[in-house]
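# Show me the folded form of this:
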Amino acid sequence: MPADDILLDFEEQLEKTIEHLRHEMRTVRTGRATPALVENLKVDYYGSPTELRAIASITIPEATQILIKPFSPGDLKAIEKAINDSKLGMTPHSDGKQLRLILPALSQERRQQLAGQVKGFGEEAKIRILNARRDANKIADTEEKGSVLTEDETKSVKDQVQELLKTYEGKIDELLEAKKKEIMTV
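Numbers count the residues shown, from 1 in each chain. Next up, the predicted model:
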């Protein structure tokens, strides 16, 4: 595998890690209602776990409310049960046709818990990129042993991998700081 391919694969893994981190952070509540809080919630739909967004429409009528309208009225109880069983900290209010979730104000303690959760997401992302670096360096070493890369090319690849790693660690830190700031803003 040529040096360019090693670097391209490595950068692709880093991009996927950043995108995964963004996706995880969208599910963390910040005080404003967003469909991402509930859309991936698993509902027992005729015996199989199904994402809520597949069986109901999710809208935001106000900044602190989520409105869930099942496509089939018979699914209302299953959706209500899934929300109650989840760790969202919200109680659904049903009118027989739809569910309304009202987001309570976040206490300072809860804000700190959410900030800790975001920090955990960031640590997982950093572990993923460190593992990707290890894999890229292993590939470079293997290619050097197989006489595909010279010793100088291998060193150059490893240096470029380290530079990319530093850049993406900075991106992860920026994302974490922005989300923590958003969570801690009252």
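# elements contacting the longest helix belonging to the chain?
Looking across the chain with DSSP state H, the single longest helix is helix 108-145. Applying 3 or more Cβ pairs under 8 Å, 6 or more residues apart in numbering; DSSP states H and E, we find helix 108-145 packed against helix 3-26, helix 151-184. Glycine gets a C-beta too; all of them are placed from N, C-alpha and C.
# mind checking which of those helices is nearest residue 73?
helix 3-26 (28.9 Å; Cβ to Cβ).
# May I see the buried residues of the helix or strand that comes right after the closest one?
Sequence order places strand 42-45 as the next helix or strand after helix 3-26, per DSSP states H and E. Buried residues in strand 42-45, defined by neighbour count with 16 or more other Cβ atoms under 10 Å: 43, 45.
# So for strand 42-45, mean pLDDT?
Across strand 42-45, the average pLDDT comes to 88.
# count of neighbours near the closest residue to residue 168 other than its chain neighbours?
Excluding its sequence neighbours, the residue lying closest to residue 168 (Cβ to Cβ, 6 or more residues apart in numbering) is residue 14, at 4.5 Å. Neighbour count for residue 14, taken as other Cβ atoms under 10 Å: 24.
# Going forward, the N-terminal residue is numbered 407.
From this message on, residue numbering opens at 407, which makes the last subject residue 420.
# Residue 420 contacts residue 570, doesn't it?
Yes. Using Cβ atoms under 8 Å, residue 420 is in contact with residue 570, at 6.4 Å.
# Quick one: distance of the longest strand along the chain to the chain centre.
Identified as the longest strand of the chain according to DSSP state E is strand 471-476. Centroid separation between strand 471-476 and its chain, computed with Cα atoms, centre = their mean, to the nearest Å, is 22 Å.
# Next secondary structure after that strand?
helix 482-491.
# got the contact list for whichever helix or strand comes after that next one?
Next helix or strand after helix 482-491 toward the C-terminus (DSSP H and E): strand 498-500. Residues outside strand 498-500 that contact it (Cβ atoms under 8 Å, 6 or more residues apart in numbering): 474, 482, 485-486, 489-490, 505-508.
# Go again with 10 Å.
444, 471-472, 474, 482-483, 485-490, 504-508 (Cβ atoms under 10 Å, 6 or more residues apart in numbering).
# Any quick ChimeraX command for the buried ones out of the residues you listed?
Applied in ChimeraX, the following selects the buried portion of the contacts of strand 498-500 according to 16+ other Cβ under 10 Å:
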select :444,472,474,482,485,486,488,489,504,505,506,507
